[in-house]
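Asks: Give the three-dimensional model of this entry:
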Amino acid sequence: MHLRGMIAGIARNAVARIPPFPMSADVENKLRVLRAQYARHLPSKIETLAAKWQSLCDHPDETDLAQNLVREFHTLAGSGTSFGFPEISRLAHLAEETLRQADPATWAHAPLRPTIDDLLAALADAARTSAATPAPDAQTATAVTSRRVHLLVNDGALRGSLEKQLALYGYEPHSFATPEAMFAASETNIPCAMVVDADDCDAAGRHRQCLQRQHAGSEVPLLVIAGTGDMENRLHAVRAGAAAFFIRPPDPHVFIDTLDKLVRIREQDPYRILIIDDDADTAELYAGTLQQAGMHTRVVNRPLAALDQLHEFNPELVLLDLHMPECHGTELAAVIRQLDAHVSTPIVFLSSERDIGEQLAAIRLGGDDFLVKPISGAHLVSAVQSRAARHRLLRSFMVRDSLTGLYNHASTKEMLQRELARARRNGTPLSFAMLDIDHFKRVNDTHGHGVGDEVIKLLARTLRQRLRATDIVGRYGGEEFAVILPDTGSNDARMVIDALRESFHGRELPGQDGSVFHASFSAGIASFPDYDTDYQIGEQADRALYAAKQAGRNRVRVASE
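Replies: Residues are numbered from 1 along each chain as shown. The predicted structure is shown next:
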């Protein structure tokens, strides 16, 4: 049948309730505390504003005090709604605009002074009587089981073929007879992907409602298999939220490659977001909101301290306020753009500035986007995620190997230098391993270059799956790989690489003629502090690899031995 049944009733599907990231109760509690603190301190903030206004009326020539007062109204206008006080934002914005549009020399005179007095009184009343919007209840979600794949494929031959391929490449296939059973299992064991054969929806539509999924509310990729690839089938698959479409039977290599790419996107490290805002409360609120969406954040409240954090944190996006003391946001953006490492780093201005001319000027002077405070959490997360994802994708073209998705040769060497400097600074060990697939030319000659590529990709998958998140894996070129193991001495590195060697050699690989064969690799390891420079470590690891090859291959050698 066609996929028409996979479109209606989206919101009721169980998978729609799977959040894109597990909600952290700690983050939720942090947000509640921040909102409560803001509400508690709001009356005193407005009292301070009133005192500064009175001081300015008494001393109208103090231009610094005048600028500071406007900036504080600006800050209050941006933070009020974010913390649950929309009336505070509205009144503060009115006060800010009233002062900006008047000559400071006239602020203390009628009719301006009564207007500001009235707005301050209204702000004080709003602070006493308004109730902050309650934070949403903390939600819990089962962490994603990273290699689990749910299958709804009732054709026995096709199901068996897919299960075999998935298991071969390190996935955990779980088959279900009905959509109801698959979605029920997905609530407690979230898969990394779901595969559905469209023909398993019967014509009477018994399962149609259950096959719906709200793709916008779920990060679990849906892969659809159908009997034909006509436009109608493809269109219905897209409307159902499918991330990929295959004609039955799918090419196993294309199917696994597509699944790898979809899963790799979900398994990537969290985006690193640097927030620069002199309003500490609001900056922490935005940081908590982004953390709740699975991102790593760093907050800087003094713009002049931003350079150190740029170098140390290496953000993938900078969220920058416009009106700050010490320097203007556009000035800081210009400084960031002069740094070679951050020429392409997205800069998103987040300010309560509503003047279109000011916004366009900010973008012209180095910004990539302009968001206006107050902003909802969902809008903030969406804007930051899309920009950071695009930056990471573009950067991956420069630093990643196209076949395996691992770091390329140049990037791996740069990371070895960086990790070695860190190990030297912290006084911790570091190991560097070079791996080479044994008799790779024989694999290509016997089974063809297509199978050879699959062997390379299988080793890449094995390394990614079995090593720690802090370990760095690169493709050095051809059939040669490199692994950087921070905080790891040579003996522990030997044990890790040897276990990987045994796991890889134990895999049965499909040959071109339907036969199976086994592949192996040899490895050489060199470590810091046995060797002190990146050149020495690379040279010694290469020599150890050569020794492993000379000793008969399919083994690991350590340079210091």
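Asks: contacts for the helix or strand containing residue 311?
Replies: Here residue 311 sits within helix 306-313, counting by DSSP states H and E. Under the criterion C-beta atoms under 8 Å, 6 or more residues apart in numbering, residues 272, 274, 276, 298, 300, 315, 318, 332, 335-336, 339, 341-342 lie in contact with helix 306-313. In this view, the C-beta of every residue, glycine as well, is placed from N, C-alpha and C.
Asks: pLDDT check: weakest of the residues you listed?
Replies: Within those, pLDDT reaches its minimum at residue 341, with 80.
Asks: that older thread, now do the buried residues in the helix holding residue 311.
Replies: By 16 or more other C-beta atoms under 10 Å, the buried positions in helix 306-313 come out as 306, 309, 310, 313.
Asks: before we move on, the earlier item: I'd like to know which of the contacts of helix 306-313 are part of strands.
Replies: Residues of the contacts of helix 306-313 located in strands (DSSP state E): 272, 274, 276, 298, 300, 318.
Asks: Could you save those as CSV and add columns showing distance to residue 462 and neighbour count?
Replies: What follows is the ones in strands among the contacts of helix 306-313, written out as CSV (distance: C-beta to C-beta, whole Å; neighbours: other C-beta atoms under 10 Å):
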residue, distance to residue 462, neighbour count
272, 27, 16
274, 34, 25
276, 41, 27
298, 34, 15
300, 40, 22
318, 36, 26
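Asks: Can I get those in a markdown table including distance to residue 101?
Replies: Shown next, in a markdown table, are the ones in strands among the contacts of helix 306-313 (distance: C-beta to C-beta, whole Å):
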| residue | distance to residue 101 |
| --- | --- |
| 272 | 40 |
| 274 | 34 |
| 276 | 28 |
| 298 | 37 |
| 300 | 31 |
| 318 | 31 |
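Asks: between the residues you listed, which is closest to residue 528?
Replies: Of all these, residue 272 has the smallest distance to residue 528: 25.9 Å, by C-beta to C-beta.
Asks: Dig out what that closest one forms beta bridges with.
Replies: Here residue 272 sits in beta bridges with residue 296, going by DSSP bridges.
Asks: Quick check, it in contact with residue 316.
Replies: Yes: using C-beta atoms under 8 Å, residue 272 makes contact with residue 316 at a distance of 5.0 Å.
Asks: how about the strands in the stretch 101-250 of the chain?
Replies: 148-152, 172-175, 193-197, 222-226, 244-247 (DSSP state E, counting those that start in this stretch).
Asks: Let me see the mean pLDDT of the third one.
Replies: What that stands for is strand 193-197. Strand 193-197 comes out at a mean pLDDT of 90.
Asks: Likewise for the fourth one?
Replies: If you average the pLDDT over strand 222-226, you get 90.
Asks: list the helices and strands that strand packs on?
Replies: Counting contacts by 3 or more C-beta pairs under 8 Å, 6 or more residues apart in numbering; DSSP states H and E, strand 222-226 packs against strand 193-197, helix 231-239, strand 244-247, helix 252-267.
Asks: Compare those and say which comes out lowest on pLDDT.
Replies: helix 252-267 (a mean of 78).
Asks: Go through that helix and flag the buried ones.
Replies: Those would be 252, 253, 255, 256, 257, 258, 259, 260, 262, 263, for helix 252-267 by 16+ other C-beta under 10 Å.
Asks: Which residues are in contact with the spatially closest residue to the first one that is not a sequence neighbour?
Replies: In other words, residue 252. Once flanking residues are discounted, residue 252 sits nearest to residue 165: 4.7 Å by C-beta to C-beta, 6 or more residues apart in numbering. By C-beta under 8 Å, 6+ apart, the contact list for residue 165 reads 252, 255, 256.
Asks: which non-adjacent residue is nearest the second one?
Replies: Meaning residue 255. Nearest to residue 255 is residue 246, by C-beta to C-beta, 6+ apart, at 6.2 Å.
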